[in-house]
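In: What would the 3D arrangement of this be:
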Amino acid sequence: MRRFLLTFLLLGCGLVHAAELPETDWLDLMPKSDQKALEQMPEIDHDSPEANGTFTAKGGLKQSKGLPAVMYSSKTVHAMNGKNIRLGGYPVPLETDAKGRSTLFFLVPYPGACIHVPPPPPNQLVLVRYPKGLKLDDIYTPLWVMGTLKVETVSNDLADAAYALDASKVRVVVEADL
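Out: Numbering: from 1, shown residues only. Next up, the predicted model:
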């Protein structure tokens, strides 16, 4: 019986996927008050004046007239601090090593975030530190990032983030994951 169960786990569920943490939803990083405010927010018109945003030398997009404050919220969920998670998203490369592997990148909930204005709120951006590095051929390739999440304010020229994650593992999402 024991041998049958082990064989089922290895073959039926897949060894790699069975050992991974359950997926953390991006909304888990946002307080309920922010979730409610986003649900009530009108659609953003990318042809409007605020679509151009107001950039500064540091910190990325700053609050523009006409956009709700929730679009700039850095309110966090403190229960997530120090939690080991698996989060799916898309990379926005920031730093690479000598071999061209991304060692520092933002993880964002949808493809093209930070390229199009406005970027996600800071509590929907995670700075990922991955010293092993990952070769990124396409920023539209979804990733699973696993590691310890920290409530940490990060500000750079591109955007602000309310979380950082020290990644223990990063891998491309495959069809079997879906």
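In: make it CA atoms for all contacts and neighbour counts henceforth
Out: OK.
In: and stretch 134-151, how far apart are its ends?
Out: For stretch 134-151, the first and last residues are 23 Å from each other (CA to CA, to the nearest Å).
In: My error: substitute stretch 21-38 in the last question.
Out: Using CA to CA, the two ends of stretch 21-38 sit 28 Å apart.
In: Could you list the buried residues of the helix ranked longest in the chain?
Out: Longest helix in the chain by number of residues (criterion: DSSP state H): helix 32-39. Judged by neighbour count (16 or more other CA atoms under 10 Å), helix 32-39 contains these buried residues: residue 34.
In: again with stretch 151-160
Out: 151-154, 158-160.
In: Repeat that for stretch 120-134.
Out: Quick answer for stretch 120-134 (16+ other CA under 10 Å): 120-130, 133-134.
In: With stretch 73-81 instead?
Out: By neighbour count on 16+ other CA under 10 Å, the buried set for stretch 73-81 is 73-77, 80-81.
In: these two touch, right, residue 132 and residue 104?
Out: No. Contact criterion CA atoms under 8 Å: residue 132 and residue 104 do not qualify, at 10.1 Å.
In: now the strands: where do they sit in this protein?
Out: All strands of the chain, identified by DSSP state E, fall at 23-24, 54-55, 61-62, 84-96, 102-108, 126-134, 143-155, 160-172.
In: Tell me the strands beside the fifth one, with direction?
Out: Paired neighbours of strand 102-108 in the sheet (DSSP bridges): strand 84-96 (antiparallel), strand 126-134 (antiparallel).
In: what angle separates the last one from strand 143-155?
Out: Our comparison of strand 126-134 with strand 143-155, counting by axes from the mean of the first three to the mean of the last three CA atoms, to 10 degrees, yields an angle of 130 degrees.
In: if we can go back for a sec, can you redo the strands paired with strand 102-108 as JSON lines with distance to residue 19?
Out: As requested, these are arranged in JSON lines below (distance: least, CA to CA, whole Å):
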{"stretch": "strand 84-96", "distance to residue 19": "11"}
{"stretch": "strand 126-134", "distance to residue 19": "20"}
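In: Quick one: those as JSON lines, columns for distance to residue 68 and mean pLDDT too.
Out: Listed next are these as JSON lines, based on distance: least, CA to CA, whole Å; pLDDT from 0 to 100:
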{"stretch": "strand 84-96", "distance to residue 68": "24", "mean pLDDT": "96"}
{"stretch": "strand 126-134", "distance to residue 68": "21", "mean pLDDT": "97"}
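In: And those: which comes nearest residue 113?
Out: Nearest of the strands paired with strand 102-108 to residue 113, taken as CA to CA: strand 84-96 at 8.0 Å.
In: Distance from the closest one to the middle of the chain?
Out: 6 Å (CA atoms, centre = their mean, to the nearest Å).
In: go on, stretch 31-48?
Out: 18 Å.
In: can you check stretch 96-111 too?
Out: Its chain's average C-alpha position is 11 Å from that of stretch 96-111, according to CA atoms, centre = their mean.
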